[in-house]
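Novice: Sequence plus predicted model, see below.
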Amino acid sequence: MIDGGSNNQSRTWQRYHLDLPLLIGLFSLALMGLVILYSAGSQNGDLILRQVLRLGVGFAAMFAVAQITPQQLSRWSIWIFGVGTLLLILVLLTGEVGKGAQRWLDLGLVRFQPSEIMKLAVPLMLARFMATSPMPPSFKTVIVGAILIGIPTFLIMKQPDLGTSLLIASSGLFVLLFAGLRWRYVTAVLGAVVVAAPFIWNLLHTYQKNRVLTFLDPERDPLGTGYHIIQSKIAIGSGGLYGKGWLNGTQSHLDFLPERTTDFIFAVASEEFGLLGVLLLLTAYLFIVLRGIYIAIQAQDSFSRLLAGSLTMTFFVYFFVNIAMVSGLLPVVGLPLPLVSYGGTSMVTLLASFGILMSIQTNRKLVAT
């Protein structure tokens, strides 16, 4: 027997190009984020209001992007990539400087960070390029793909913004991997990175070198560069199995934990909700990732499949790197916890990427029916 009500409801979501399971996962994660942020921000109502407004803008962007078909995205990818690259060059020439970094363009009413465009532009461009090339990619195709990844990554590293450049490089690399990149190329790249490591070290800024050294030995400067990670690990460990309870975190509320509303908000969640709360948060993240992988597998063309796979795995890198760095498993690179940390432009870009996933899924269903 066919449930007519369920079919009608399904068609309603398809009509608006929204994937219900993915939407539920994103809303659930955003609500968890607001609960954690309320405590991390010392119960600041204005902070929560601003976060809600930004989430509203982000979900509106997701809805708008979901109305764009994958075919249109493929056609626009070259223009988006080109404009984004030009804006990155403009940032290095005339961009505003803040906290020692030159990352923003002043548009009068707002400051705009062009690197956020490239989080979508790079996977779009690489997916378009690979989908129109023979797969698995030849050596020549891999070289062109590496150049397309390397140009924006280099421009963003010059700002400097190591965290965003890491995300953008990974988004392009995932497209190459899903396109069937041969393992001998992967091995060659890893070997080249090992050989080039001493030269790369000399190119790093002093603060970036300190982050690596602090990762290896946080106790070398416990009141300086090692302070953040030491306090973060104390907060995570003190949460135990059940946590200290919502609004009862001592490390955050007594101001021992720096950047507690942004990069280190995971430590607040761990302290107050313990291991069980962390597992619930990770379940929400993994549900979204698994839904994204499902959408990628079900995609009907190479462009959609490569793009969906890249966006999904980049999201995985996003939260994995944040949790790992806050836990002391990776060096600190300045990445917020997606949909949980207090943020603006990055949240809008992230939700826009899920709009692309929804477009891929719902257009597949429309074609199939």
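Specialist: Received, thanks.

Novice: Show me the residue sitting in the middle of this protein in space.
Specialist: Closest residue to the average C-alpha location of the chain: Tyr318 at 3.9 Å, with Cα atoms, centre = their mean.

Novice: Not counting its neighbours along the chain, what's nearest it?
Specialist: Nearest-residue entry for Tyr318: Pro338, 4.9 Å, with adjacent residues in sequence omitted and distances by Cβ to Cβ, 6 or more residues apart in numbering. Every residue, glycine included, has its C-beta placed from N, CA and C.

Novice: can I assume that neighbour sits in a strand?
Specialist: No. When classified by DSSP: H, G, I helix; E, B strand; the rest coil, Pro338 is found to be coil rather than part of a strand.

Novice: Touching, it and Leu351? I think so.
Specialist: No. Between Pro338 and Leu351 no contact is recorded; they are 9.4 Å apart, counting by Cβ atoms under 8 Å.

Novice: re the thing from before, and the one helix or strand the residue nearest to the centre of the chain maps to, what other elements does it pack with?
Specialist: Here Tyr318, judged by DSSP states H and E, is contained in helix 302-326. Using 3 or more Cβ pairs under 8 Å, 6 or more residues apart in numbering; DSSP states H and E as the contact definition, the elements that helix 302-326 packs against are helix 70-94, helix 115-131, helix 162-178, helix 227-238, helix 265-298, helix 345-368.

Novice: Okay, buried residues for that helix please.
Specialist: Of the residues in helix 302-326, those buried under the neighbour-count criterion (16 or more other Cβ atoms under 10 Å) are 302-323, 325-326.

Novice: Tell me which helix or strand in the chain has the weakest average pLDDT.
Specialist: helix 4-15 (a mean of 65; mean pLDDT, DSSP states H and E).

Novice: what's the following helix or strand after that helix?
Specialist: Counting by DSSP H and E, the element after helix 4-15 in chain order, helix or strand, is helix 20-40.

Novice: Let me see the residues that make contact with the helix or strand that comes right after that following helix.
Specialist: Proceeding C-terminally, helix 20-40 gives way to helix 45-66 as the next helix or strand, assigned by DSSP H and E. Helix 45-66 is contacted from outside by 16-18, 26, 30, 33-34, 37-38, 41, 261, 339, 342-344, 347-348, 350-352, 354-356, 358-359, 362, using Cβ atoms under 8 Å, 6 or more residues apart in numbering.
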